[in-house]
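[1] Pasted the sequence and its predicted model underneath.
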Amino acid sequence: MVESGKACGSHSKQDERQIQDAEIREKLQHIKNKIIVMSGKGGVGKSSIAAYLAVLLAKKGFNVGLMDVDLHGPSIPRLLGLRGSILPSPRPGKAMPVNLMPNLHVISIESLMGEDKDVATIWRGPIKIGVIRQFISDIDWPDLDYLVIDSPPGTGDEPLTVAQTIPDAKAIIVTTPQEISLADVRKSINFCRQVDMEILGVVENMSGFQCPHCGKPIDLFKTMGGELVAAKEHLRFLARLPVEPEVVKMGDAGMLANLNHDELPFSKNFTGMVEQIIELSTKEVNLPMAEQRNLQEKQVDSSKNLKLAIPVAEGKLCAHFGHCEQFALIEIEEGKIKRKTMHTPPPHEPGVLPRWLHEQGASVIIAGGMGSRAQQLFKENGIEVLTGAPMDSPEALVNQYLSNSLVTGPNVCDH
């Protein structure tokens, strides 16, 4: 009887987990990009970067969520001046994030920790795993272009739970230039690779300080450490962010969202990083949600009768269109593949291939990598450009395009 009772209890817990898994999957379907901000060790400014990244994405017109799951040191509420507890949702048992801006929705696990925010959180691994999963499943997010997740430092239960619960999340790894931080960053890189998490790039924070008197840079914690690690590990180096007293001041005052000093080196470099992150997103995700829905509707309509061009080498998509053996030209009628023909392209010279494909009647090119100038020439010839596509067969790529399931990644261009 006892064993039977255990079996029933185990079955019940399994059912609850399956229900929670289904809730998480349903919620994540409404979020286009999930970005987890990680660091190998604490004290490198990870939370400030996560908060300011969410703020700048929102200021660029995207619908953004910011989720703080740092159980032992949640900083987001203090940086952004959030007050109060979790708001109840119209749905029973669910909660709403706080609207910091009309299109920036913020939630922190600090809201679960009672009145005294200075009490230490002493939880073992299984409890932390359950709390994070419940936190993700019970928040009613609106449709989001980006969800930025501030993860605890290190490679323990918390980041592992986020990686397993949100399997398509991509990582930004934050470090400072000194070796003691870089050693831990290498562990974070190895962690991401073990759990198959794509790494968007490395950010070097606290990278020098500009003297307010003479204007000369001072290397407080060495220099170029993060850049060298990124190069060695074949990762993107997203930004070098200097120490900026104004950022510290605004963060301590809970006013980081009001940092608008575009002339500051920190702000200039951070803005450049945000632009890279947007560019690294897929073409559809680059657009705010409302525009993306319009694009999808237009894409379905326009796919009824058109011709797609795919550069091919050895039967699959060629990594760079200018080095392909042939182009597959696939004609679409009424949303289905009608015929495929193979064509040997003319010599690859600036402007030749866009004009040639235009003459062949192509209206879309699906490519791996392509330089910005080539993309502009294709657009001038009335050809839509999709870059970063997987190295599949032409038919598979076109079927993915027609079903709106074509996943495009970074534009891998070799020049």
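    Cool, got the structure.

[2] so how far is stretch 169-177 off the chain centroid?
    Computed by CA atoms, centre = their mean, to the nearest Å, the chain-centroid distance of stretch 169-177 equals 12 Å.

[3] tell me the mean pLDDT for that stretch?
    Computed over stretch 169-177, the mean pLDDT rounds to 87.

[4] Format the CA atom coordinates belonging to that stretch as CSV.
    Provided in CSV are the C-alpha atoms of stretch 169-177 (Å, rounded to 0.1, in the frame of the first residue of the first chain):
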residue,chain,number,x,y,z
ALA,A,169,17.8,31.3,-25.3
LYS,A,170,21.0,32.9,-26.5
ALA,A,171,23.8,34.1,-24.2
ILE,A,172,25.7,37.4,-23.8
ILE,A,173,28.7,36.8,-21.6
VAL,A,174,30.0,39.7,-19.5
THR,A,175,33.6,40.0,-18.2
THR,A,176,36.0,42.5,-17.0
PRO,A,177,39.5,42.7,-18.5
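
[5] Just after the helix or strand bottoming out on mean pLDDT in the chain, pick out the following helix or strand.
    Within the chain, no helix or strand scores below helix 289-302, which has a mean of 46 by mean pLDDT, DSSP states H and E. Per DSSP states H and E, the first helix or strand lying C-terminal to helix 289-302 is strand 305-313.

[6] Tell me how far Q360 lies from H320.
    Relative to H320, Q360 is positioned 19 Å away (CB to CB, to the nearest Å). Quick note: C-beta positions are derived from backbone N, CA and C, even for glycine.

[7] And these two? Which one has more around it.
    A direct count of neighbours by other CB atoms under 10 Å for Q360 and H320 places H320 higher, at 19 against 14.

[8] Quick check: the residue nearest to the more buried one when sequence neighbours are not counted vs L317, distance?
    Spatial nearest neighbour of H320, excluding adjacent residues (CB to CB, 6 or more residues apart in numbering): G369 at 4.8 Å. Counting by CB to CB, the gap from G369 to L317 is 10 Å.

[9] do S281 as well
    Distance from S281 to L317, by CB to CB: 20 Å.

[10] Same check on T161?
    35 Å.

[11] V202 is in contact with A231, isn't it?
    No - assessed by CB atoms under 8 Å, V202 is found out of contact with A231, at 9.5 Å.

[12] Can you pull the residues that touch both of those two?
    Common neighbours of V202 and A231, counting by CB atoms under 8 Å, 6 or more residues apart in numbering, are F237.

[13] those helices in the stretch 301-415 of the chain, which residues are they?
    Secondary structure of the stretch 301-415 of the chain by DSSP state H, counting those that start in this stretch: the helices cover 352-359, 372-380, 394-402.

[14] Which of these comes out lowest on mean pLDDT?
    Minimum mean pLDDT among the helices of the stretch 301-415 of the chain: helix 372-380, a mean of 82.

[15] From the chain's centroid, how far away is that helix?
    Worked out by CA atoms, centre = their mean, helix 372-380 lies 25 Å from the chain centre.

[16] Can you give me the buried ones in it?
    Residues 374-375, 377-378 are the ones in helix 372-380 that count as buried (16 or more other CB atoms under 10 Å).

[17] what two of those are the furthest from one another?
    Q375 and L377 (7.4 Å; CB to CB).

[18] State the three-state secondary structure for the residue lying closest to D196 once chain neighbours are set aside.
    Of all residues not flanking D196 in the chain, P167 sits nearest, at 7.8 Å (CB to CB, 6+ apart). Under DSSP: H, G, I helix; E, B strand; the rest coil, P167 falls in the coil class.
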